[in-house]
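>>> build the 3D model from these lines:
(2 chains)
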Amino acid sequence: MNQFLGPLDAAGRVPPQQQARVASFLISAHGALARQLAVALPGQLKAGWQTELNAQLHREAEIVSLLMRSTAWVPDFTLPYHALTLEAAWLPKPVAGVADQKLATTIDIAALGHAVHGAIRPAALLPVEASAEDPFVLALRRIEFESSRLIQAQIHFLKSDELKPVRDAVSAAVESRHRQVRKLWADLLEGIGIRRDAENE
Amino acid sequence: MPFLAHGSHRIRYELDGPQGAPAYVLVNGLTQYSELWAAYRDALTARGFRVATFDLLGQGASDKPELFISQGDQVEALRLLIGELGDGPIFLGGISFGGVIALRYAIEHRDRLSGLVPMSAFAELSPQLLLLGNALRTGLVLGGTGYLQDLLLPMNLSDSWLKPLLGNLDAVKRQGWLINDVYALQNLMESFLDFQPLTPLLPSIRTPTMILNGEFDFLTPRCLHETLRTGIPDSSLVIIPNAYHAFTLEKAALTADLLARFAEDVLAKRWQGNKSVWIAPEEAGGAMIPFPAGYDHLRAMPVQKAAP
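Alright, predicted model coming up:
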């Protein structure tokens, strides 16, 4: 098992099979967030922080578009199975312990967003030799960079005073989504010969 | 790699040196990880100490709570670690954020420590520190861990340390960037949102205390260490010459020597704090110099003290 993507080719590019697997995971996760945001976002914004969600919807779509165009796609017969597993995992699950079902679902969507933006660090998979000119390498760096900004909307909502009365339920939901996302990500990486140290320990 | 359990969270720690020996427990700064104390492990175990290091909750290989990390949780993690060390003498040192956690531990568990060493630490948020902290948090949010590192490196380290590394700074930053997550660092920073000054509680620290402050520390300047010196009864302030906020990284041999000498003095009952002010030597093993009488150690110029 390696800690990073590779071995890179002479031009510093990630092997196409690894690119396709990593990109399919990220497209599935960020695509799900984009769809959920599109449904959750009201036609008329009611609170200031919802402006951030509008931006987030378009950035998630941008990430999907970027990966579609920057990945060196190769046939992979496991992709349909992985895609189904992932899509099922992203389905909203109203958070237990919150009576208002709409709020319970919104918390879960935010918890998933926190996990995808916080726990998935695709740029940390790149070895130092990765080419700074390769579109896939740049895409991974851009996604990780954007994720640290995108997560701010989830942090703002999940830590808000509005959710103070249900803080334990919120914390449990976020922890659960992090655990789920980390496991799916670790499984995917293990399938392409990668195991991160921190996940090992 | 051993872990402690705090509720559902795991805290990664390491113990080195002989069991039963007086122990040094070292607490990381905000963007650090325990491996950065490697030189201290070597130096202090060679002087006969046991050394305990760990990653704070939210750092390195310890768990990273997703939404909230309180400083109380960090103190509890520290209590669990010190509990692993038996009943012998314990010396506790912490740098910056870790210095605050060490102060909190000393206030809450005043009888357990034989000695305390706050380094580049503070008991209250001055307006400058508050605004700098806010700006650093914004830098983290907008630019990620790499940008926070870009801000901290020139602020906290000297030209002589940085110059030979200028062409290779990405390599210097890489391990800290790999091992720390933005949301977790943000949680650590936001544990100061409800920070209450420790200043009124400092007199309750009866432990011998050596306060270390870099001569050119810009982030936590002398006045913040002066609060510690005047508040902690058995303390002395030691100014590290030509040093900045992160002198534990830059001057590891000197700092480890100062830590060892402090503990040896306390154990031999030679230590006298007296709220005195000293200038550390430039190199490990050199003589400590009393700050010149009659001059104001809070000034950067040789200004004579006003008559009381």
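>>> list the residues that contact the most centrally placed residue in chain B.
The centre of chain B sits closest to residue B:95, judged by Cα atoms, centre = their mean, with a distance of 1.2 Å. For residue B:95, the contact set (Cβ atoms under 8 Å, 6 or more residues apart in numbering or on different chains) comprises B:27-29, B:32, B:119-121, B:246, B:248. The way it works is simple: take the backbone N, C-alpha and C, and place the C-beta from them, glycine included.
>>> so which of the residues you listed sits lowest on pLDDT?
For these, the least confidently modelled position is residue B:32, at 93, judged by pLDDT.
>>> and chain A, which residues reach chain B?
Contact residues of chain A with respect to chain B, defined by Cβ under 8 Å from any Cβ of the partner chain, are listed as A:114-115, A:117-119, A:121, A:124, A:128, A:144-145, A:148-149, A:151-152, A:155, A:158-159, A:170-171, A:174-175, A:178, A:197-198, A:201.
>>> so among those, which ones count as buried?
When burial is judged by neighbour count using 16 or more other Cβ atoms under 10 Å in any protein chain shown, the buried members of the residues of chain A next to chain B are A:114-115, A:117-119, A:121, A:124, A:144-145, A:148-149, A:151-152, A:155, A:158-159, A:170-171, A:174-175, A:178, A:198.
>>> looking at those, which are in helices?
Taking DSSP state H as the definition of helices, these contribute A:114-115, A:117-119, A:144-145, A:148-149, A:151-152, A:155, A:158, A:170-171, A:174-175, A:178, A:198.
>>> quick check: closest non-adjacent residue to residue B:258.
Distances taken as Cβ to Cβ, 6 or more residues apart in numbering or on different chains place residue B:280 nearest to residue B:258, at 6.1 Å, with adjacent residues excluded.
>>> my guess is that neighbour contacts residue B:238, does it?
Yes. Residue B:280 sits in contact with residue B:238 when judged by Cβ atoms under 8 Å, with a separation of 5.1 Å.
>>> which of the two has more neighbours?
Neighbour tally, residue B:280 and residue B:238, criterion other Cβ atoms under 10 Å in any protein chain shown: the higher count belongs to residue B:280, 25 against 22.
>>> and the spatially most central residue of chain A, how far from chain B?
Central residue check for chain A by Cα atoms, centre = their mean: the C-alpha nearest the mean position is that of residue A:116, 3.0 Å away. Residue A:116 is 11 Å from chain B, where distance means Cβ to the nearest Cβ, to the nearest Å.
>>> which residues are in contact with that residue?
In this structure, residue A:116 makes contact with A:29-30, A:33, A:147, A:181, judged by Cβ under 8 Å, 6+ apart.
>>> chain A contacts on the stretch 101-250 of chain B?
B:140-142, B:144-145, B:170-171, B:174, B:177-179, B:181-184, B:186.
>>> can you rerun that using 10 Å?
In this structure, the stretch 101-250 of chain B approaches chain A at residues B:140-147, B:170-171, B:174, B:177-179, B:181-187, B:190, B:193, judged by Cβ under 10 Å from any Cβ of the partner chain.
>>> just the buried residues of those residues.
Applying 16+ other Cβ under 10 Å to these, the neighbour count classes B:140-141, B:143-147, B:177-179, B:181-187 as buried.
>>> rewinding a little: which one of the contacts of residue A:116 is nearest residue B:212?
Taking Cβ to Cβ as the measure, residue B:212 lies nearest residue A:147 of these, at 37.6 Å.
>>> ok, that closest one to residue A:124 distance?
As judged by Cβ to Cβ, to the nearest Å, residue A:147 and residue A:124 stand 11 Å apart.
>>> in the stretch 51-200 of chain B, which spans are helices?
Across the stretch 51-200 of chain B, reading from the start of the chain, the helices by DSSP state H, counting those that start in this stretch fall at B:71-83, B:97-108, B:127-156, B:159-162, B:169-179, B:182-190.
>>> can I get the last one in PDB, CA atoms only?
C-alpha atoms of helix B:182-190 as PDB (Å, rounded to 0.1, in the frame of the first residue of the first chain):
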ATOM      1  CA  VAL B 182      -8.700  23.100   7.900                       C
ATOM      2  CA  TYR B 183     -12.000  22.500   9.800                       C
ATOM      3  CA  ALA B 184     -10.100  21.100  12.700                       C
ATOM      4  CA  LEU B 185      -7.600  24.000  12.900                       C
ATOM      5  CA  GLN B 186     -10.600  26.300  12.600                       C
ATOM      6  CA  ASN B 187     -12.200  24.500  15.600                       C
ATOM      7  CA  LEU B 188      -9.000  24.900  17.600                       C
ATOM      8  CA  MET B 189      -8.900  28.700  16.800                       C
ATOM      9  CA  GLU B 190     -12.600  29.000  17.600                       C
END
